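Q: Need coordinates for the following:
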Amino acid sequence: MKFVRFLLFPFAIIYDIVTTLRNLFFDWGVLKQTSFKTPVIVVGNLSVGGTGKTPQIEYLIRLLKDDFKTGVLSRGYKRKKQGFMLLNDTHTAQEVGDEPLQYFKKFKKISVAVDANRVAGISRLLAAVSPEVFLLDDAYQHRKVRGSLSLLLTKYDDLFTDDYLLPTGNLRESSRGVKRADLIIVTKCPSNITASSKNTIREKLKRFDKTLFFTTISYHQQTSGSQRISIEDLKKYEVLLVTGIANPSSLLSFMDENKVNFSHCKFPDHHHFTDKDIQVINEQFAQLKSNKKLILTTEKDYVRLENRIEELSFLEIETTFLSEQEKFNSIVRDQLR
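A: Next up is the predicted model:
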């Protein structure tokens, strides 16, 4: 597979030319950018999927929601309906996308909307509920909106500096795009990352001259959903783990580290589960021999599966800063002031 992608390198050169010209046109004012008086925080990455944007957005929601009227805008990836939608209790993941629905269900003090046209989406959300701050999910390449603060995420063991442009690699644009970032956040680090590892990454990213933060993914110590089971007690169960996310490696490592007996049923990222998929999941679950067994999934997958599988639990995750958390919080709050 890697060899095949290497053969596609000429197309990566063409892709680089196209994306570079697009960015230059925005820089030169040939393509229009819209600024808003309301602060707009952009969260995104240079690569395709799996860097932890969802827990980073949730971190920002927790940070801001009690002091600022917060609005979250997403394109609603793979949703089946188009146009602007302000989420309410009747919406499903198929209509609005799994991540926006997760934000809406989890945080009651915020407004969540979806619109592929971010300029129109912000304008309509302003008219509807007048947020005091906008969080744009996965919008680093959506340059029609000029952000007030741009957070660029890159994964600890898959830094953008070690990757190649599509289709040879997974980069949406070249590392030249880093210049638009205000902060770089290295995500999904080991919780016990060494000073030496941090310094190695700092050296790799030093040429971009950006403020750098290190975060990890923290899992709640108890499942949610149909059964609330502590991670310690989860060892007594036989678990069918169902995932439809870009990169489940962190979750698999967590299960292994906690000595959970599980089998993994893997689906593509943002997968729309069919009746046949549900049948496969139920059949695999029925084959588990233990008297104590459960189906466990991710929080993002839960919003797509909760009404389709009777007994379903999930693990919540959070972004945790490994150092300088207050420095990061101050930068964000100062930007809003």
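Q: from here on, contacts and neighbour counts on C-alpha atoms
A: Will do.
Q: Now do residue 255 against residue 69, distance only.
A: Distance, residue 255 to residue 69, by C-alpha to C-alpha, to the nearest Å: 37 Å.
Q: What strand or helix carries the residue nearest to residue 140 when sequence neighbours are not counted?
A: Leaving aside its chain neighbours, residue 140 sits nearest to residue 44 (4.6 Å; criterion: C-alpha to C-alpha, 6 or more residues apart in numbering). Assigned by DSSP states H and E, residue 44 belongs to strand 40-45.
Q: For that strand, give me every contacting residue.
A: Here strand 40-45 makes contact (C-alpha atoms under 8 Å, 6 or more residues apart in numbering) with 51, 53, 56-57, 133-141, 146-154.
Q: Residue 231 is in contact with residue 221, correct?
A: Yes: between residue 221 and residue 231 there is a contact under C-alpha atoms under 8 Å: 5.3 Å.
Q: higher neighbour count, the two?
A: residue 231 (18 against 15; other C-alpha atoms under 10 Å).
Q: just checking, the more buried one touches residue 219?
A: No: between residue 231 and residue 219 there is no contact under C-alpha under 8 Å: 9.6 Å.
Q: list residues touching both of the two?
A: Shared contacts of residue 231 and residue 219 (C-alpha under 8 Å, 6+ apart): none.
Q: sorry, back to before: what is the burial count for the residue nearest to residue 140?
A: Residues lying near residue 44 (other C-alpha under 10 Å) number 26.
Q: mind checking the longest helix of this protein?
A: Identified as the longest helix of the chain according to DSSP state H is helix 9-28.
Q: which strand is the longest one in the protein?
A: The longest strand of the chain (DSSP state E) is strand 211-219.
Q: who does the helix or strand following that one pair up with?
A: Moving toward the C-terminus from strand 211-219, the next helix or strand (DSSP H and E) is strand 224-225. The strands beside strand 224-225 in its sheet (DSSP bridges) come out as strand 312-315 (antiparallel).
Q: Need the CA coordinates for the strand it pairs with. PDB is fine.
A: Provided in PDB are the C-alpha atoms of strand 312-315 (Å, rounded to 0.1, in the frame of the first residue of the first chain):
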ATOM      1  CA  LEU A 312     -24.600  -0.300  24.500                       C
ATOM      2  CA  SER A 313     -22.000   1.500  26.600                       C
ATOM      3  CA  PHE A 314     -19.300   4.000  25.800                       C
ATOM      4  CA  LEU A 315     -16.200   5.600  27.100                       C
END
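Q: what's in contact with that strand?
A: Residues from elsewhere that reach strand 312-315 (C-alpha under 8 Å, 6+ apart): 219-220, 222-228, 294-299, 302, 306.
Q: mean confidence score for that strand?
A: Taken as a whole, strand 312-315 has a mean pLDDT of 96.
Q: any low-confidence regions in this protein?
A: Scanning the chain for pLDDT under 70 picks out 1-4.
Q: any chance you could map the helices in it?
A: Under DSSP H, the chain gives helices at 2-7, 9-28, 53-64, 93-96, 98-106, 118-129, 195-205, 231-234, 249-257, 275-286, 299-305, 325-336.
Q: Run a quick neighbour tally on residue 290.
A: The local packing of residue 290 (other C-alpha under 10 Å) involves 12 other residues.
Q: Spatially, which residue comes closest to it, not counting chain neighbours?
A: Nearest non-adjacent residue to residue 290 (C-alpha to C-alpha, 6+ apart): residue 238, at 6.1 Å.
Q: just how off-centre is stretch 243-255 within its chain?
A: Its chain's average C-alpha position is 13 Å from that of stretch 243-255, according to C-alpha atoms, centre = their mean, to the nearest Å.
Q: okay, how far is it across that stretch, tip to tip?
A: 13 Å.
Q: Name the residues that touch it?
A: 49-50, 188, 217, 261-262, 264-271, 297-298, 300-301.
Q: from the residues you listed, which ones fall inside strands?
A: Using DSSP E, these in strands are 217, 261, 262, 264, 265, 266, 297, 298.
Q: Enumerate every residue touching the fourth one.
A: Residue 264 makes contact with 240, 241, 242, 243, according to C-alpha under 8 Å, 6+ apart.
Q: TSV for these, including distance to residue 113?
A: Formatted as TSV, those follow (distance: C-alpha to C-alpha, whole Å):
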residue	distance to residue 113
240	33
241	30
242	27
243	25
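Q: Just the buried residues from these, in ChimeraX please.
A: Buried members of these, identified by 16 or more other C-alpha atoms under 10 Å, are gathered into one ChimeraX selection as follows:
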select :240,241,242,243
